[in-house]
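1. fold the following and give me the result.
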Amino acid sequence: MTSKRDAHRSNEPPRDPGVGLATLFAGMFGGFLGLCLLKFGDPPIMEQWVTAPKNAYQVILGNPWPIAWAYWLLAGLTVLGLVCARWRLRAPWWLAALPLVWLCWQFVSSTHTVSLDLTKPTLAHFVATTLCFYLGLFALSRSESPRPFLLGVLGGFVIMLAAGWSQHFGGLAETRRYFFAYLYPKMSHVPPELLKKMSSDRIFSTVFYPNAFAGALLLLLPSMLATVWGLKRWFTRGARAFLVAVIADGSLACLYWSGSKGGWLLMLLMGLVVLLHLRFPKRLKVACVSLVLLAGLVGFFWKYASFFERGATSVGARFDYWHAAIETALAHPVLGTGPGTFGPSYERIKRPESEPTRLAHNDYLEQASDSGMIGFLAYSLFVIQSLIWSYRRAVPGKSEPNWPIFCLWLGVAAWCLQSLFEFSLYIPATAWAAFALLGWLLGGAPEARSNGLVE
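-> Here you go, the predicted structure:
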């Protein structure tokens with residue numbers, strides 16, 4: 001005699017055998033991106049100063065690792081992703097094709113590069129970045145639950161926060177002492193960026209420098225908070241509220257200690273955007289937004305008063321970089337000077353008193369400088385249209401936001417805005433995660449409440 005449970009099961013549609021494989025891929029991909037936060041936070045053009053670990057201690061606690069290790073790991077994930085991919089588009093086909101157009105043009109531009117030594121590692125990084133986008137678009141979107149992926153990223157994110165706290169409470173001073181006592185005397189050439197980083201009290205955790213650390217916090221904090229809040233099968237409501245508060249406070253403290261002025265303003269903007277999307281009376285909303293804005297700006301100017309008194313030198317330096325990028329783009333409007341070659345181009349035209357740099361501190365202008373107007377248009381159009389299209393999914397019509405998608409979107413949007421005054425695209429740890437999340441958003445990121453990320 002057939003039981004009711006058996007009868008119910010007989011009426012269920014057959015389970016897709018690829019879903020289990022997709023869940024495995026999601027967990028491994030999330031773990032890989034979490035590992036990238038810890039070990040692959042340096043720009044590829046500075047890979048020559050990265051040495052392979054010599055023992056187990058350096059493998060676990062030393063950082064960074066050679067980026068070639070990341071490429072091998074990503075190659076294995078790509079094979080698994082191809083097996084479990086779902087070749088179906090939700091986003092417009094032309095939008096999904098733009099990263100490939102941009103990547104192909106990088107190879108065309110590289111045929112006229114002014115420095116093959118800089119272009120080769122940059123191209124390898126761009127290939128990995130584009131792969132992460134398509135893995136998010138076709139493979140990650142097939143997973144039934146976002147939790148395996150997000151928990152993998154969360155593990156790396158929490159360790160990154162712990163490293164930031166450790167630096168602030170003595171670790172950075174010890175690292176500086178070791179560097180100047182044992183490493184600096186043996187180095188024939190010290191990059192100005194490295195010397196500046198090691199001479200500062202600004203924390204950078206496991207990524208290249210303080211502003212890159214701020215970029216990682218902006219990109220991932222919203223989705224990490226949503227992930228922890230969604231663990232209702234594991235923790236009570238009170239326990240989840242406590243964990244969310246710990247991660248949020250720990251992240252904000254790290255952002256403060258990083259000394260990132262742009263990061264502080266973007267985090268304030270993210271908070272205002274969240275407030276504007278909450279459902280409560282308009283008068284109360286206006287009062288809350290005004291209060292948060294006032295408190296944030298007062299704190300900002302109090303913290304960085306001495307910076308403005310000194311003339312905001314880093315802001316002036318960025319205007320020099322941007323002017324040089326525009327000048328280079330006008331001189332090479334079709335092919336640019338080659339991927340990753342802003343540094344040599346800038347050296348030829350910079351003023352003697354200007355600060356040295358290897359990257360333009362604006363990913364969009366650097367595309368114009370390095371790969372011409374086609375590279376600039378392909379990349380900029382992809383970023384803008386992806387954010388617009390995915391926002392419509394995150395906030396359908398005038399209804400309440402789909403909070404899991406909205407949290408993903410908010411972090412990616414903040415990262416894209418930071419790219420206006422930083423070189424976020426050239427940091428593998430954040431660029432690969434951002435493109436994977438963009439692909440996931442376009443391919444079918446977590447829907448509403450069905451995934452358990454919200455109550």
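
2. point out where the stretch 1-150 of the chain drops to low pLDDT.
-> 1-19 (pLDDT under 70).

3. give me the distance between Ala317 and Thr130.
-> 30 Å (Cβ to Cβ, to the nearest Å). All C-beta atoms are positioned from the backbone trio N, CA, C, and that covers glycine.

4. correct me, but Gly259 touches Arg202?
-> Yes - using Cβ atoms under 8 Å, Gly259 is in contact with Arg202, at 4.0 Å.

5. common neighbours of those two, please.
-> Common contacts of Gly259 and Arg202 (Cβ atoms under 8 Å, 6 or more residues apart in numbering): Pro210.

6. picking that back up, Ala317 and Thr130: who's more crowded?
-> Set Ala317 next to Thr130 and count neighbours by other Cβ atoms under 10 Å: Thr130 wins out with 19 against 15.

7. CA atoms of the helix or strand that one falls within as PDB?
-> If you go by DSSP states H and E, Thr130 is part of helix 116-134. Provided in PDB are the C-alpha atoms of helix 116-134 (Å, rounded to 0.1, in the frame of the first residue of the first chain):
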ATOM      1  CA  LEU A 116      55.200  43.900 -22.400                       C
ATOM      2  CA  ASP A 117      56.400  43.100 -18.900                       C
ATOM      3  CA  LEU A 118      53.500  45.100 -17.500                       C
ATOM      4  CA  THR A 119      50.900  44.000 -20.100                       C
ATOM      5  CA  LYS A 120      51.400  40.200 -19.700                       C
ATOM      6  CA  PRO A 121      50.500  40.000 -16.000                       C
ATOM      7  CA  THR A 122      47.700  42.500 -16.500                       C
ATOM      8  CA  LEU A 123      46.200  40.400 -19.400                       C
ATOM      9  CA  ALA A 124      46.300  37.200 -17.300                       C
ATOM     10  CA  HIS A 125      44.500  39.000 -14.500                       C
ATOM     11  CA  PHE A 126      41.800  40.400 -16.900                       C
ATOM     12  CA  VAL A 127      41.300  36.800 -18.200                       C
ATOM     13  CA  ALA A 128      40.700  35.600 -14.700                       C
ATOM     14  CA  THR A 129      38.400  38.500 -13.900                       C
ATOM     15  CA  THR A 130      36.300  37.800 -17.000                       C
ATOM     16  CA  LEU A 131      36.200  34.100 -16.100                       C
ATOM     17  CA  CYS A 132      34.900  34.900 -12.700                       C
ATOM     18  CA  PHE A 133      32.100  36.900 -14.300                       C
ATOM     19  CA  TYR A 134      31.000  34.100 -16.500                       C
END
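
8. state the mean pLDDT of the helix of greatest length in the chain.
-> Longest helix in the chain, counting residues (DSSP state H): helix 363-394. Helix 363-394 carries an average pLDDT of 95.

9. just how off-centre is that helix within its chain?
-> In terms of Cα atoms, centre = their mean, to the nearest Å, the centre of helix 363-394 is found 15 Å from the chain centre.

10. what packs against that helix?
-> Contacting helix 363-394 under the criterion 3 or more Cβ pairs under 8 Å, 6 or more residues apart in numbering; DSSP states H and E are the following elements: helix 93-110, helix 313-331, helix 342-349, helix 403-418, helix 428-443.

11. ok, for Ile326, nearest residue in space, not its chain neighbours?
-> Nearest non-adjacent residue to Ile326, counting by Cβ to Cβ, 6 or more residues apart in numbering: Leu365, 6.5 Å away.

12. cheers, nothing more for now.
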